[in-house]
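A.B. asks: can you look at this prediction? I've put the sequence above it.
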Amino acid sequence: MPKVIMVQGTMSNAGKSLICAGLCRIFAQDGYRAVPFKSQNMALNSYITEEGLEMGRAQVMQAEAAKVTPLVCMNPILLKPTTDMGTQVIVNGEVLGNMSAKDYFQYKKNLIPEIEKAFRKLQSLADIIVIEGAGSPAEINLKENDIVNMGLAELVDAPVLLAGDIDRGGVFAQLLGTLMLLEPKEKERVKGLIINKFRGDKTILDPGIAMIEELGKVPVAGVVPYMQISLEDEDSLTPRFEKRERGTIDLAVIRYPRISNFTDFYVFEQDENLAVRYVTSAAELGDPDLIILPGTKNTMGDLKWLRESGLEAAIKKKSQETIVFGICGGYQMLGKKIADPQGVEEGGTLRGMELLPIETVLKQEKVRVQKRAVLHEVQGTLSCLNEKEVRGYEIHMGETNILRDGEAAQKAAGSVLLSEGNVYGTYLHGIFDAEGVAPALIHMLAERKGLHFDHAGMLSYAQFKETQYEKLADTLREYLDMEFIYGILRESRLV
């Protein structure tokens, strides 16, 4: 039977995802088959498995760190917010339906058998299961019928490491306050504390560490420094959204309220000549070299926001000279019309940005498929991408048709990359990740400005991520007491 260990946090964005990923890589390096598990994830960044099932990208990242194939049983429940009060509920990779927060809170206990089933499948595949919690186990209003923090730890009899974020301040209050709010049987599960994202001289912390160990009766398993690592983080709290600096090559990503799958642009982070900015107003847009409309969980709502904010008009004006690239929901926005006869999002019909000859009809059935293709007949500025092999996945609710003489001529899904002038669109998430694609795009953008960069050493995104996983594991080995953590594993048992 496999061993199990769980990482919980004092708050969202305490660093649970990266700590779990680092542990997965360390265990894999040490010869163990490790797998990640998160019973319930709330995220707008999702992924499609080889079987065509949908799961959160954080567990995909952790599976990659563990050097195993991502499986939907690693994340059996995925919640994708559609409005401030509602969410799409995905169970075992397939859409169960849309629920209000209140309705889901009352319903979620019915999903415990699905969580147990997914966990049992992982038991047959692993030596060590690394579990990630969500938010904080001390959120009193959410503790009833908990299925992701201490409720799950009890269900699978998991020992817990509790991580706090010192970068935000108040880490001792975070850790002690969390321990104080736990029930005695829950506190017994907490075997070690982690102080995460520390900057400076650790000796300054020593008096605080001694006091927290005395008051909390739980040892500190490590003080992890703030890491400059480019891996996927919790999408709702990512610091990437705060980036404002412009690079020699300037990429502006439109950050609408329901932005999703912005992991499509992480490949560009390894190039110091290029900066990716997230833009929320026409004033911020400036004069970028490339404008990207990313995916969204609410295409019609975010298109209305784009229109009301003045960004639509600014983008259309810029498109005369600047490349505009839409992906998934952003691709749908660029068309002539979006129709929603079944009320998938907001119902009715909405005029698109009218920059591409397509129209989209939203449907209840979600398209979920991995795809690999070689680009052909790419017109205009991005003809540099011709003959490049791309791969990724489609995940959208809607059917898009290409218009010829005002009539639907063919399904656009068969066209990996569609263009009209300086405007391009695709349903393919990950289109920039394949080897040679991002360098070709950057080279073209540089040439347009009379510049030349040497991209001979630029890695594919998969290769780049490998360097980050190794860096993450090396850092955790240095600053976590791995002998102590392996001791926790030796003492753990699995029901």
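C.D. replies: Noted; the coordinates are in hand.
A.B. asks: okay, now the closest residue to L451 other than its chain neighbours: neighbour count?
C.D. replies: Residue nearest to L451 in three dimensions, not counting chain neighbours: T248, with 6.7 Å by C-beta to C-beta, 6 or more residues apart in numbering. (Each C-beta comes from the backbone N, C-alpha and C, glycine too.) Using other C-beta atoms under 10 Å, T248 has 16 other residues around it.
A.B. asks: again with the one 3 residues further on
C.D. replies: Using other C-beta under 10 Å as the criterion, L251 is surrounded by 24 other residues.
A.B. asks: give the bridge partners for it, please.
C.D. replies: Under the criterion DSSP bridges, L251 forms beta bridges with V276, L290.
A.B. asks: what residues are up against it?
C.D. replies: For L251, the contact set (C-beta atoms under 8 Å, 6 or more residues apart in numbering) comprises 265, 268, 274-277, 288-290, 292.
A.B. asks: same check on A158?
C.D. replies: Contacts of A158 were listed using C-beta under 8 Å, 6+ apart, and they are 4-6, 131, 152, 189, 492.
A.B. asks: re the thing from before, now, of the contacts of L251, which are buried?
C.D. replies: 265, 268, 274-277, 288-290, 292 (16 or more other C-beta atoms under 10 Å).
A.B. asks: quickly name whichever of these is closest to E466.
C.D. replies: Proximity of the buried ones among the contacts of L251 to E466 was ranked by C-beta to C-beta; the top entry is F268 with 17.2 Å.
A.B. asks: state the distance from the closest one to T49.
C.D. replies: Distance, F268 to T49, by C-beta to C-beta, to the nearest Å: 25 Å.
A.B. asks: surely D233 meets L18?
C.D. replies: Yes: D233 sits in contact with L18 when judged by C-beta atoms under 8 Å, with a separation of 7.2 Å.
A.B. asks: who's more crowded, these two?
C.D. replies: Each of D233 and L18 had its neighbours counted (other C-beta under 10 Å), and the higher figure belongs to L18 (28 against 19).
A.B. asks: helix, strand, or coil at that one?
C.D. replies: helix (DSSP: H, G, I helix; E, B strand; the rest coil).
A.B. asks: residues contacting it?
C.D. replies: With C-beta under 8 Å, 6+ apart, L18 has these contacts: 227, 229, 231, 233, 472.
A.B. asks: so of those, which ones are in helices?
C.D. replies: When DSSP state H defines the helices, the subset of the contacts of L18 inside them is L472.
A.B. asks: out of the contacts of L18, what pair is the most spread apart?
C.D. replies: D233 and L472 (12.1 Å).
A.B. asks: any weak-confidence spans in the protein?
C.D. replies: 234-237, 405-415, 456, 493-495 (pLDDT under 70).
A.B. asks: can you pull up the most central residue in it?
C.D. replies: Centroid check for the chain by C-alpha atoms, centre = their mean gives N45 as the closest residue, at 3.8 Å.
A.B. asks: contact partners of the helix or strand in which E466 is found?
C.D. replies: Per DSSP states H and E: E466 is located in helix 461-479. With C-beta under 8 Å, 6+ apart as the test, helix 461-479 has contacts from 18-19, 21-23, 25-26, 29, 61, 64-65, 222-225, 227, 229-231, 266-267, 270, 430, 432-435, 438, 459, 482.
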